[in-house]
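Q: structure of the sequence below:
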Amino acid sequence: MDSTTVYFSAFEKGFEVNSILASFSIFGQEITIRWYGAIIAFGFLLAVLWGGRMAYKWKMSLDKMIDVLIFGTFAAIIGARLYYVIFRWDYYSQNPGEIIQIWNGGLAIYGGIIGGIIAAFITCRFNKLNFFNLLDCAGMSLLIGQGIGRWGNFANQEAFGTNTTMPWGMISEKTTIYLADHKDELEALGMSVDPYSPVHPTFLYESLWCVGSFLILLVIYKKFRKFSGQLFLSYGVLYGIGRAIIEGFRTDSLYIGDTTLRVSQVLSFAVAMLFLAALVFMLIKTKKNPKPIEGVDFFPEPAPKKVKTKGATSKDMRTLAKKRADKNTQAEEKQEK
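A: Residues are numbered from 1 along each chain as shown. Have a look, this model is predicted:
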C-alpha cells in the first residue's frame with residue numbers, strides 16, 4: 001500500500017500521504033524513490049551543513065572532517081540496521097532477504113549513534129582531532145537530523161503510539177491494519193488497542209522534542225559552553241529523557257527478550273542518567289578549575305622557537321637584529337615579485 005489518507009481528530013478533512021516520492025525506469029530497471037529515504041537524506045544534509053558551519057567557526061580541517069563524515073555515515077547506517085535486526089531476529093532469521101531493505105523502515109537511532117561514534121573515535125585518533133569537540137558538533141547536528149527524519153515515519157505511517165482522544169490523534173488505513181494485525185501481541189504486552197480509533201503520533205512528539213532540544217543546545221553553545229563535550233552530554237540528557245517518555249506510547253517498540261521492557265526506553269533512561277552525572281561532574285570540575293576550551297586539533301602547528309637572549313652581548317643582539325631585518329627584507333622583495 002503506497003498511498004493512504006491520514007485523519008487527525010481536530011480536522012474533518014483527511015490528508016493524502018504517499019510513501020513513494022518518484023518512480024521511473026532506467027535501462028529497463030525500475031527505480032523507486034521513497035519519501036522515507038528522501039526525508040532522512042534531507043535531514044542528514046541539513047545536519048551536515050550545520051556541523052560544517054560549526055567546524056568552520058572552530059577552524060577545523062575540512063579534509064579531516066570529510067573523513068569522519070564518510071566513515072561515520074557508513075558506520076551509522078550499518079549500526080542502525082544491525083541494532084534493529086538483532087532485536088527482531090526472530091523475524092529476520094526467517095526472512096534474511098529483508099535485512100538489507102532499509103528503505104522499508106527499520107533503522108534504530110541508538111544503533112546509528114553507537115556505530116557513528118565508534119567510527120568517529122577511530123577516525124579522530126588517526127587524524128589527530130579533538131574527539132570531544134567533534135561530539136559537540138555531532139550532538140547539535142543529530143537533533144536536526146532526528147527532528148526532520150522522524151517525518152519519514154509519517155510518510156510510512158509507522159512509529160505511532162496507542163489510542164488517544166487528544167485533538168492531534170491520528171488514524172489511517174495503515175494504522176488500522178497494523179493494530180488489527182498486532183492486537184493480540186500488544187495485549188500480551190499489556191496494551192489494549194482499538195484499531196479503529198486514533199493513535200498518538202509519536203513521530204511528531206519526538207520531532208518537536210528534538211527541535212526544542214536543539215534550541216536549548218543553541219543557547220548553551222552561544223552563552224554557557226564551559227568545556228569540550230558539554231553539548232554532547234547535554235544532548236544525551238535531553239534526548240534520553242524525551243525518548244524514554246515517548247517510547248512508552250509506541251506500539252512498535254523492540255523488547256528485551258521475552259520481557260515487557262522496551263530496549264529504547266531502558267537505554268534512554270540509562271543514557272540520560274549517566275550523561276547527567278557526567279555533565280554535573282564536569283561542570284563542578286570546570287567551575288573549580290576553569291580552563292579555556294581546547295581547539296579541535298590535538299596537535300596544532302608548533303609555535304616558532306624563541307631565541308634565547310639571556311647572557312647575550314650587545315654585539316650578539318645587533319647581529320641578531322640585522323639577521324631578522326635581512327630576513328624581513330627578503331620576504332617583502334619576494335612578495336613584490
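Q: which residues are in contact with Leu186?
A: Residues near Leu186 by Cβ atoms under 8 Å, 6 or more residues apart in numbering: 179, 192-193, 251. Backbone N, C-alpha and C define where each C-beta goes, glycine included.
Q: before we move on, what about Ile31?
A: 23-25.
Q: could you say which helix or strand holds it?
A: Element membership for Ile31, per DSSP states H and E: strand 29-34.
Q: go through that strand and flag the buried ones.
A: Residues Arg34 are the ones in strand 29-34 that count as buried (16 or more other Cβ atoms under 10 Å).
Q: likewise for stretch 163-173?
A: 163-164, 169-172.
Q: cool, stretch 214-222 as well?
A: By neighbour count with 16+ other Cβ under 10 Å, stretch 214-222 contains the buried residues 214, 217, 220-221.
Q: out of those residues, flag the one nearest to Asp63.
A: Using Cβ to Cβ, Tyr221 is the member of the buried residues of stretch 214-222 that lies nearest Asp63, at 24.4 Å.
Q: list the contacts for the most centrally placed residue in the chain?
A: The centroid of the chain falls nearest to Leu142 when counting by Cα atoms, centre = their mean (2.4 Å). Residues in contact with Leu142 (Cβ under 8 Å, 6+ apart) are 47, 113, 235, 239.
Q: equivalent analysis for Thr259, please.
A: For Thr259, the contact set (Cβ under 8 Å, 6+ apart) is empty.
Q: secondary structure class for it?
A: Using DSSP: H, G, I helix; E, B strand; the rest coil, the structure places Thr259 in coil.
Q: same question for Pro292.
A: What three-state DSSP gives for Pro292 is coil.
Q: next, Ser25: phi, psi?
A: phi -120, psi 130 (degrees, to the nearest 10).
Q: give the bridge partners for the nearest residue to it once chain neighbours are set aside, please.
A: Residue nearest to Ser25 in three dimensions, not counting chain neighbours: Ile31, with 6.9 Å by Cβ to Cβ, 6 or more residues apart in numbering. Listed beta-bridge partners, Ile31: Phe24 (assigned using DSSP bridges).
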